[in-house]
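Asks: this is the structure alone, sequence omitted:
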């Protein structure tokens, strides 16, 4: 309670600073409490303050990124004797303010610590027994995944797997530290191991994910592919309007830009349409909504001929119309663009085909 | 002979000017001769000089483009009585010099005339009975194509159909004039009609084309898709090195740029690889050679579910590994990236599947 009172009483010149300071209180006090309890029962444990340990973050409140020097600072913790209880979710800016990570923040702290200390294994305790091949809300008792590569996990996360937030894996990925996702409520379950590389013992497909909320800006211009700089200029317009693009499949005289609908409010949409039509003198431009993406992911797919054929079979049998296919850019995934409403049906169909 | 002597004796301050003047002699004199002959047998025909008619071109010798005012000038020819014999392949620069079109030049002249005069039909006489569904060198007696849309023709031309040069169709396409490709040596054959739109009476696939000589620059970077401007910057590097890109399929952390090998000499290649690696701080970059593209083209494909499945079936049966698939950007085609050496085999397999 003392701690909370101090946090409140400290001068707060900006509401976001204050917000971050308060948000971090739960994790910080829980860590202090656990350390206190462990010590009280005779365990050699201690609370470690992130500032003392040197976990420095960018001063983007609520959305901080780790600063590179933190890795070196935290590596020194290896010389500390006994168990360290390190609070997750926050660190300190170089000016000494509390700053918090984005969503999944405590996992990020763990990942940074694991990477700094070059540990053998980063155990991440969550609330599921493992990562599953497909969403358990769609498939009854889906197959658990015992082992995945970082790349596979990353592609699955992109299209809706939400066990670990995307940023979480970056620190451990960069240093090759394996991650074990385990269930807090069932710690004896082996969970899912995420590793740099793996042998393929489980068949070509590792997981199937799907996400909705995409749309496709379709542009047509006769002789487009002879016009040097066309694609670059389209992307430049999007960049200037702060709309990140997801994919850009192109034909000969056609180009489609897949973007997430949430970035395309009405104002931006009409501005982008107008600018592209005018600045690039296109023959036609339109937006197709209701696009969903389904990713079929697996390290084994590259060496298994006929995968695409198997997936398209499954989709054809379920009468799902394929609007877009993107295979080959990534070695570990094939992406299908279909109607949003078909995404769940497609995941079930593909699951039943392979499992 | 007089004409030739004049051409030679005219001052030639530049070799390319002289070259174009000489290259145009054949077409010009043939036109004069035909007009003279027709008149001699009593036909109301006359030779028309492109300068008098107002066919003005950019002064890019050997690679000229038509200037917009030409269309208006040539439209006036509709008031001329009788048959006009108009020499193909060349026009005049605004400074009065003879300039020639690129490859397929006489077809371009015809197309410009047809567009200017808004004719009902542009008959283009060549040396084949029609456009065929697939290359007659690969398939014995392939099905002739009786009717094609401009879009279909354009996609097929891109991947190796060489009946009409790409630029040829642009003028008529822009004004919606139908083209009839006929055989000079067999004028009674109906040939192939190229039209703005068509009803689909012949099945989903209209033609199958393939081309070799592509390569794929594969770039990987963890969290690439979160980096705004990444794709644009890659394209900018290529543009600055004067390498046009064909396609840019992208995964989550991967992007591939398909380019024609001929643009990528060793110098440029290493410069591009270095710049992308350094300026974009990628995790890995490599080039995959020996890429061939096969295009399956047809206006009817969009409304026929299962096409992709049928094509992948055919390729799987022939044990052809699919490296890349691009469907959905163009409504009238699906593009497959396969090993160059498999292109012919793939065309045969797909042909046998659909015809």
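Replies: Cool, the structure landed. This structure is a prediction, so every number in the text was calculated from the model and none was measured.

Asks: which one's the longest helix in chain A?
Replies: helix A:25-40 (DSSP state H).

Asks: can you list contacts of that one?
Replies: A:3-4, A:7, A:45-48, A:83, A:85-90, A:106 (Cβ atoms under 8 Å, 6 or more residues apart in numbering or on different chains). The way it works is simple: take the backbone N, C-alpha and C, and place the C-beta from them, glycine included.

Asks: narrow those residues to those in helices?
Replies: A:3, A:4, A:7, A:106.

Asks: contact partners for residue A:258?
Replies: By Cβ under 8 Å, 6+ apart, residue A:258 lies in contact with A:214, A:215, A:216, A:245, A:246, A:247, A:248, A:249, A:291, A:293, A:324, A:337.

Asks: neighbour-wise, which one of those leads?
Replies: Highest neighbour count within these, by other Cβ atoms under 10 Å in any protein chain shown: residue A:249, with 28 neighbours.

Asks: quick one: which helix or strand includes the closest residue to that one other than its chain neighbours?
Replies: Leaving aside its sequence neighbours, residue A:249 sits nearest to residue B:329 (Cβ to Cβ, 6 or more residues apart in numbering or on different chains; 4.0 Å). Using DSSP states H and E, residue B:329 sits within no helix or strand.

Asks: show me the contacts for residue B:329.
Replies: By Cβ under 8 Å, 6+ apart, the contact list for residue B:329 reads A:218, A:249, A:250, A:251, A:254, A:255, A:256, A:324.

Asks: format those residues as CSV; extra columns: secondary structure, distance to residue B:125 and pLDDT.
Replies: Formatted as CSV, these follow (DSSP: H, G, I helix; E, B strand; the rest coil; distance: Cβ to Cβ, whole Å; pLDDT from 0 to 100):
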residue, secondary structure, distance to residue B:125, pLDDT
A:218, strand, 37, 93
A:249, coil, 38, 85
A:250, strand, 34, 84
A:251, coil, 30, 81
A:254, strand, 31, 89
A:255, strand, 35, 91
A:256, strand, 38, 91
A:324, strand, 40, 88
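
Asks: out of the residues you listed, the closest to residue A:185 would be?
Replies: Distance to residue A:185, by Cβ to Cβ, is smallest for residue A:324 among those, at 40.0 Å.

Asks: of the ones in helices among the contacts of helix A:25-40, select the buried ones using a PyMOL command.
Replies: Filtering the ones in helices among the contacts of helix A:25-40 down to the buried ones (16 or more other Cβ atoms under 10 Å in any protein chain shown) takes a single PyMOL command:
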select buried, chain A and resi 7+106
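
Asks: any idea how far chain B is from the most centrally placed residue in chain A?
Replies: Residue closest to the mean C-alpha point of chain A, counted by Cα atoms, centre = their mean, is residue A:166 at 2.1 Å. With distances taken as Cβ to the nearest Cβ, to the nearest Å, residue A:166 is found 7 Å from chain B.

Asks: before we move on, back to that, can I get the ones in helices among the contacts of helix A:25-40 in JSON lines including pLDDT and distance to residue B:101?
Replies: Formatted as JSON lines, those follow (pLDDT from 0 to 100; distance: Cβ to Cβ, whole Å):
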{"residue": "A:3", "pLDDT": "72", "distance to residue B:101": "82"}
{"residue": "A:4", "pLDDT": "75", "distance to residue B:101": "81"}
{"residue": "A:7", "pLDDT": "75", "distance to residue B:101": "77"}
{"residue": "A:106", "pLDDT": "89", "distance to residue B:101": "68"}
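
Asks: quick one: low-confidence residue ranges for chain A.
Replies: Scanning chain A for pLDDT under 70 picks out A:1-2, A:11-12.

Asks: domains of it?
Replies: Following automatic domain parsing, chain A resolves into domains at A:2-195, A:207-354.

Asks: which among the contacts of helix A:25-40 end up buried?
Replies: A:7, A:45, A:46, A:47, A:48, A:85, A:86, A:87, A:88, A:89, A:90, A:106.

Asks: could you dump those residues into CSV with distance to chain B added?
Replies: What follows is these, written out as CSV (distance: Cβ to the nearest Cβ, whole Å):
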residue, distance to chain B
A:7, 32
A:45, 34
A:46, 34
A:47, 32
A:48, 28
A:85, 30
A:86, 24
A:87, 25
A:88, 21
A:89, 20
A:90, 22
A:106, 20
